[in-house]
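>>> Sequence first, predicted coordinates after that:
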2 protein chains.
Amino acid sequence: MQGLHGRVLDALGPAIAGGAHPAGSVLRIEELEERFACSRTVIREAVRVLESMNLVSSRRRVGLTVRPREEWNLYDPLVIRWRLAGADRAHQLRSLSELRSAVEPVAAGYAARRATAEQCGELVGLAIKLAATARARDLRAFLEHDIAFHRLVLHASGNEMFGRFHDVVGEVLTGRTEHHLMPAEPHPTAVRLHADVAQAIQCGDAERAEAAMREIVVQAMAEMTPVFDDA
Amino acid sequence: MQGLHGRVLDALGPAIAGGAHPAGSVLRIEELEERFACSRTVIREAVRVLESMNLVSSRRRVGLTVRPREEWNLYDPLVIRWRLAGADRAHQLRSLSELRSAVEPVAAGYAARRATAEQCGELVGLAIKLAATARARDLRAFLEHDIAFHRLVLHASGNEMFGRFHDVVGEVLTGRTEHHLMPAEPHPTAVRLHADVAQAIQCGDAERAEAAMREIVVQAMAEMTPVFDDA
DNA sequence: TGCGACCAAAAAGTCATACTTAATCGATGC
DNA sequence: GCATCGATTAAGTATGACTTTTTGGTCGCA
C-alpha cells in the first residue's frame, strides 16, 4: 500500500479500528486534510474505502460519523489486520480462533473429499517439514510451514470461501508467535495431528481429517488462553 | 448506495464479479469516464473501493487490471451480493452453504454457552413464530423469522465474527426463496429442529444446539442440491 | 543476438479551484 | 409544540494543471 492514499488509510483505518475515534464521533474532511497534510482528493478517496468497509458513514452538513463495530465489515482483511494491531488484539485473536475452530475442521473434511493427488502429496510433504523444523526448534520455519499447511488444506477444500480464509489463519498463527505463545518446541501432539490430517485427507477420510483438525485448533486455542484472559 | 459513486460501483462491481471483465483484462479510467458519463473524480473514487476489495489493481502506464477471483475479498458483503447476482449464483450459493455448515453449528454451540436470558426468550419466541407461519403456509413471514432466528443465534454466540456472518446467512436463505426451493410448506422437521436449537441454547446444552443446527444446515443444503447441480 | 542503459510517453496520483447538491438547523408562524 | 421555509454547511462532482512512476522502444556495446 503506497502513495498518499495508502498512507492515509494506514493511519486512519487503525485509528478508527483501534478505538481512537469511538462510534458516533464525527470527523470532517477538512480537518483530515490538515491532519494528514494532503489534498481533499486523497482524503476523499481514502474515506470512500473506509465507507465501503462500513467503518464510517458520510453525510452532508454532518461529516464522517464512525459506525459501531457491529456494523463494520469484520471479515475485511484490512479490518482484521487493523484490529489485530490495536488494543483489541487479544479479543480479536480469540474471536478469530473461535471462528477458526468452526471453519478449519469442515474445510479439512471437504479437502478429504476433493483434494487432488498433487495437493495430497504436498500436504504430506509439509507435514514432514513441520516435524523436521519442530525437531530442529526452528520456530520461524515451523511457522512458515504451518501457515502453508493450513492454507493448502483450505485451498484443497475446493471451496473458494474456505480458501480465502487463509488470511485469517495466517494472522492468528502469526499472532501466536508475536505473543511468545509458541513453546520452545512445538508439541509433538500438534506435529502428529498435522500428519494425521494430511494422511486422512490423502485417504479420503473426511471424518478423521475433520476430527484431527478440530484437535489442532482446540489445542492452539488452549495455548492462547493466557492472552484471552487479558481481554 | 446513492449518488454517482454508488451508481458506478453498482454497475462496475457486478460487471467484474459477474465475469464481464475476466481476470487479466485491463480497464482504463478514461474509458470508464466515457462509459459512465461522469468525471474522473467519480471513477477514481469508485476504483479505490474496488481496489480495496482486491477486485482490481491499479498501475501507472497500464491501467486497472482485473484480479483473479482467488484474490478477491470474497467475504465482502458487496462482493457476495454481486456474485449472487451473476451467472455464478449457483456456485456461490453452494460455497456459502458449505461455509454456513461450518460456522452456524459452532456458533449455536457458543450461543448455548453465552446467550443471555433475554436472547433465549427471543429465540424460543421466534421458534414458535416459525411453527405458526409454517403451519399457515405464510412463506414470506416464515423467511423473515427464519432469517431473524439465525441472526440471533449468531449474535448470541458472543463472537462478533459469528455475529457479522448474518449477511451470508440472510443471502443464502433469501436465495432459496428466489429459486423457488422453498417447499409449499416448510418441512416439519426443519421447524422442529429450530425449536430444538432454541431449547438447547436455553438449557445451555452446547452439543445439542450444535447438532440440531448442523442438521438444519445439512437439510437446507440438500434442498438446494438441484440448483448446485446446475453449477 | 542478447543485455543494459537511457529516455520519452503513458496513465495513474495529487492538487487546487469552482460549482452543485442534499440536508441540517434556526427562525418564524400557527 | 409542530410544521414550514430558507440560509448555510459540508459533502459530492467537475475540470484543468501538474507530478510521479513505470513501461516500452531505441540505441550502443560486447
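Sure, I can see it.
>>> from memory A:Leu12 sits against A:Glu45, does it?
No: A:Leu12 lies out of contact with A:Glu45 (Cβ atoms under 8 Å); the separation is 11.7 Å. For the C-beta atoms, the positions are set from N, CA and C on the backbone; glycine is no exception.
>>> need the residues of chain A near DNA strand C, please.
Counting by Cβ under 7 Å from any atom of the strand, chain A comes close to DNA strand C at A:3-5, A:38-42, A:45, A:59-62.
>>> separation between the residue nearest to A:Arg81 when sequence neighbours are not counted and A:Leu93?
Among residues not flanking A:Arg81 along the chain, A:Glu171 sits closest, at 6.7 Å (Cβ to Cβ, 6 or more residues apart in numbering or on different chains). Noted for A:Glu171: a distance of 9 Å to A:Leu93, by Cβ to Cβ, to the nearest Å.
>>> just A:Phe149 next, same as before
20 Å.
>>> again with A:His150
A:His150 sits at a distance of 16 Å from A:Leu93 (criterion: Cβ to Cβ).
>>> Tell me which of the two has more neighbours.
Counting neighbours by other Cβ atoms under 10 Å in any protein chain shown for A:His150 and for A:Leu93 shows that A:His150 has the greater number, 27 against 24.
>>> what's near enough to touch the more buried one?
For A:His150, the contacting residues are A:Glu104, A:His166, A:Val169, A:Gly170, A:Leu173, by Cβ atoms under 8 Å, 6 or more residues apart in numbering or on different chains.
>>> Pretty sure the third one sits against A:Ala148.
The one in question is A:Val169. No: using Cβ under 8 Å, A:Val169 is not in contact with A:Ala148, being 10.5 Å away.
>>> Please say which of these two ends up with more neighbours.
Set A:Val169 next to A:Ala148 and count neighbours by other Cβ under 10 Å: A:Val169 wins out with 23 against 18.
>>> how about that one, secondary structure?
Secondary structure state of A:Val169, per DSSP: H, G, I helix; E, B strand; the rest coil, is helix.
>>> Per-residue pLDDT of it, please?
A:Val169 carries a pLDDT value of 92.
>>> so how far is DNA strand D from it?
Distance check for A:Val169 against DNA strand D: by Cβ to the nearest atom of the strand, to the nearest Å, it reads 30 Å.
>>> Mind exporting the C-alpha coordinates of the helix or strand bottoming out on mean pLDDT in chain A to CSV?
Within chain A, no helix or strand scores below helix A:166-178, which has a mean of 84 by mean pLDDT, DSSP states H and E. What follows is helix A:166-178 as a C-alpha-only set of coordinates in CSV (Å, rounded to 0.1, in the frame of the first residue of the first chain):
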residue,chain,number,x,y,z
HIS,A,166,-6.2,-18.2,4.8
ASP,A,167,-5.8,-14.6,5.7
VAL,A,168,-7.4,-15.2,9.0
VAL,A,169,-5.4,-18.3,9.7
GLY,A,170,-2.2,-16.6,8.8
GLU,A,171,-2.9,-13.7,11.1
VAL,A,172,-3.8,-16.0,14.0
LEU,A,173,-0.8,-18.3,13.6
THR,A,174,1.5,-15.3,13.3
GLY,A,175,-0.1,-13.7,16.3
ARG,A,176,0.8,-16.6,18.4
THR,A,177,4.5,-16.0,17.6
GLU,A,178,4.3,-12.4,18.4
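>>> Report the buried residues of that helix.
Applying a neighbour-count criterion of 16 or more other Cβ atoms under 10 Å in any protein chain shown, one finds A:His166, A:Asp167, A:Val168, A:Val169, A:Gly170, A:Glu171, A:Val172, A:Leu173, A:Gly175, A:Arg176 buried in helix A:166-178.
>>> Report the spatially nearest residue to the third one, omitting neighbours in sequence.
Distances taken as Cβ to Cβ, 6+ apart place A:Leu96 nearest to A:Val168, at 5.5 Å, with adjacent residues excluded.
>>> host element of the one you found?
helix A:89-114 (DSSP states H and E).
>>> And the strands in chain A?
For chain A, the strands defined by DSSP state E cover A:26-27, A:56-59, A:63-66.
>>> Identify the residue nearest the geometric centre of chain A.
Nearest to the mean C-alpha position of chain A, by Cα atoms, centre = their mean, lies A:Val168 at 2.1 Å.
>>> Was I right to think A:Val47 contacts A:Arg28?
No: the criterion here is Cβ under 8 Å, and A:Val47 misses it with A:Arg28 at 10.5 Å.
>>> Output the below-cut-off pLDDT ranges for chain A.
By pLDDT under 70, the weakly predicted segments of chain A are A:1, A:179-184, A:229-231.
>>> rerun that using 90 as the cut-off
Low-confidence segments of chain A (pLDDT under 90): A:1-2, A:85-90, A:137, A:139-140, A:167, A:171-188, A:220-231.
>>> how is it carved up into domains?
Residue ranges for the domains of chain A, per automatic domain parsing: A:3-71, A:88-229.
>>> deepest of the ones you listed, which one?
Neighbour counts (mean count of other Cβ atoms under 10 Å in any protein chain shown) averaged over each of the domains of chain A peak at domain A:88-229, with a mean of 19.
>>> Go ahead and confirm A:Ser57 touches A:Thr65.
Yes: between A:Ser57 and A:Thr65 a contact is recorded at 5.3 Å, counting by Cβ under 8 Å.
>>> And the residue sitting furthest away from the middle of chain A, its phi and psi?
What lies farthest from the middle of chain A is A:Arg61; by Cα atoms, centre = their mean that is 37.1 Å. Backbone geometry at A:Arg61, expressed as degrees, to the nearest 10, gives phi 70, psi -10.
>>> picking up where we left off before, what sits in contact with each of A:Val47 and A:Arg28?
Contacts common to A:Val47 and A:Arg28, judged by Cβ under 8 Å, 6+ apart, are A:Leu64.
>>> A:Ala127 reaches A:Ala198, doesn't it?
Yes: contact criterion Cβ under 8 Å: A:Ala127 and A:Ala198 qualify, at 4.2 Å.
>>> Overlap in contacts, those two.
Any residue near both A:Ala127 and A:Ala198 by Cβ under 8 Å, 6+ apart counts here, and that gives A:Phe149.
>>> where does the nearest residue to A:Leu123 once chain neighbours are set aside sit relative to DNA strand D, distance-wise?
Of all residues not flanking A:Leu123 in the chain, A:Ala198 sits nearest, at 4.2 Å (Cβ to Cβ, 6+ apart). In this view, A:Ala198 and DNA strand D are 39 Å apart by Cβ to the nearest atom of the strand.
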